[in-house]
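[1] Pasting the sequence and the predicted coordinates here, then a few questions.
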Amino acid sequence: MPTIDISLPDELTAALTPPPCIDLSLPKPSMPTLTLPIGGELSGLADFTRGIPTECSMNFSLVLQLAPMMASMECLLKILQFFGDLLNACTPIPQPMGFVTAFVDGLKALTTCTGMVLPTGMFCFVKDLLALIAAMLHCTIQALQSVVNILSGLNIQIGIAQGAGNTAMLAALQCAQENATTAAQGTMQSMQPITTLLQLAAPFLKIANVNLNIAIPAAVPADDLEAMQSLLQTLAEVATVLQEISDALPC
């Protein structure tokens, strides 16, 4: 059957031409951080539950962390101020009345804070904290497993398109693969705040006499499906241990 080539207007041709992959690429934002006044660093959260993380969303998550962080530092700042006032009252010229005033004010601050450093005062907090970390890990596992499934399917489709010599389909699939890889990288970024949270929990765990010899594994290359499957298994094991310890704590 003969074919007839029909020329189309340039505007229609341009409209039917698939956009280049770079125009469809997902953003790869950098992780924002904030230096804390008493040491340490606060990082933004890559919240994959709200879509692919962006710099705006991670900056906003950092702001949301500041209020509770600043509130939790109130007691510690009072204690540090207490020692600072004592030092100022002693140097360079001793000031007896200033020393007494600073000592009395410091005792008041210490009275309200001593209950925080007893094991019984930490059990409920540590129990809830470990359960929260376990829940966050399960969310990460679910999201990462979904991306791994997508990448596995794309690999099969790409192989079929290559075998058929379908260049248009191959380009579309490779573009989807790049975006899925970016999504996997964004999801694995969410493990960093969880790791930081577990590290910050160390002094609280010590007070509650909880021994925790586990660590959140590092991210792996997003294009290595075997490594990501291994990562998923390790994350699941860590989440199980954290939940078991949380369930065993009295509260």
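    Sure thing, it's come through.
[2] Quick one: mean pLDDT for the helix or strand hosting L205?
    In this assignment (DSSP states H and E), L205 forms part of helix 202-207. For helix 202-207, mean pLDDT is 79.
[3] What count of nearby residues applies to the residue nearest to S230 when sequence neighbours are not counted?
    Closest residue to S230 apart from its sequence neighbours, by Cβ to Cβ, 6 or more residues apart in numbering: V220 at 7.6 Å. Where C-beta positions appear, they are placed from N, C-alpha and C, glycine not excepted. Applying other Cβ atoms under 10 Å, we find 18 residues neighbouring V220.
[4] Looks like V220 contacts A227 (just checking).
    Yes. Between V220 and A227 there is a contact under Cβ atoms under 8 Å: 3.9 Å.
[5] Moving C-terminal from the helix or strand encompassing I160, which element do we reach first?
    For I160, the host element (DSSP H and E) is helix 119-164. Going down the chain from helix 119-164, the next helix or strand is helix 167-189, by DSSP H and E.
[6] Any chance of the backbone angles for A208?
    Per-residue torsions, A208: phi -80, psi 0 (degrees, to the nearest 10).
[7] Give me the distance between it and C124.
    Going from A208 to C124 by Cβ to Cβ, to the nearest Å gives 10 Å.
[8] Those two - which one has more neighbours?
    Taking neighbours as other Cβ under 10 Å, A208 and C124 compare with A208 leading, 21 against 13.
[9] and Q233, how many neighbours?
    For Q233, the neighbour count with other Cβ under 10 Å is 12.
[10] How about T35?
    Residues near T35, counting by other Cβ under 10 Å, number 8.
[11] Surely it and S43 touch.
    No. Between T35 and S43 there is no contact, the gap being 10.9 Å when judged by Cβ under 8 Å.
[12] Contact partners for the nearest residue to Q229 once chain neighbours are set aside?
    Spatially, and ignoring its direct neighbours in sequence, Q229 is nearest to V148 (6.7 Å; Cβ to Cβ, 6+ apart). By Cβ atoms under 8 Å, 6 or more residues apart in numbering, V148 lies in contact with A184, L225, M228, Q229, L232.
[13] Tell me the pLDDT of V148.
    Looking at V148, its pLDDT is 90.
[14] for A219, same thing?
    86.
[15] in which helix or strand would I find it?
    Using DSSP H and E, A219 maps to neither a helix nor a strand.
[16] That one: what's its closest spatial neighbour, skipping adjacent residues?
    M188 (3.9 Å).
[17] gap between the one you found and I207?
    From M188 across to I207, the span is 31 Å (Cβ to Cβ).
[18] the more surrounded of these two?
    With neighbours defined as other Cβ under 10 Å, M188 and I207 compare such that M188 has more, 23 against 18.
[19] these two touch, right, L242 and N213?
    No. L242 lies out of contact with N213 (Cβ under 8 Å); the separation is 11.9 Å.
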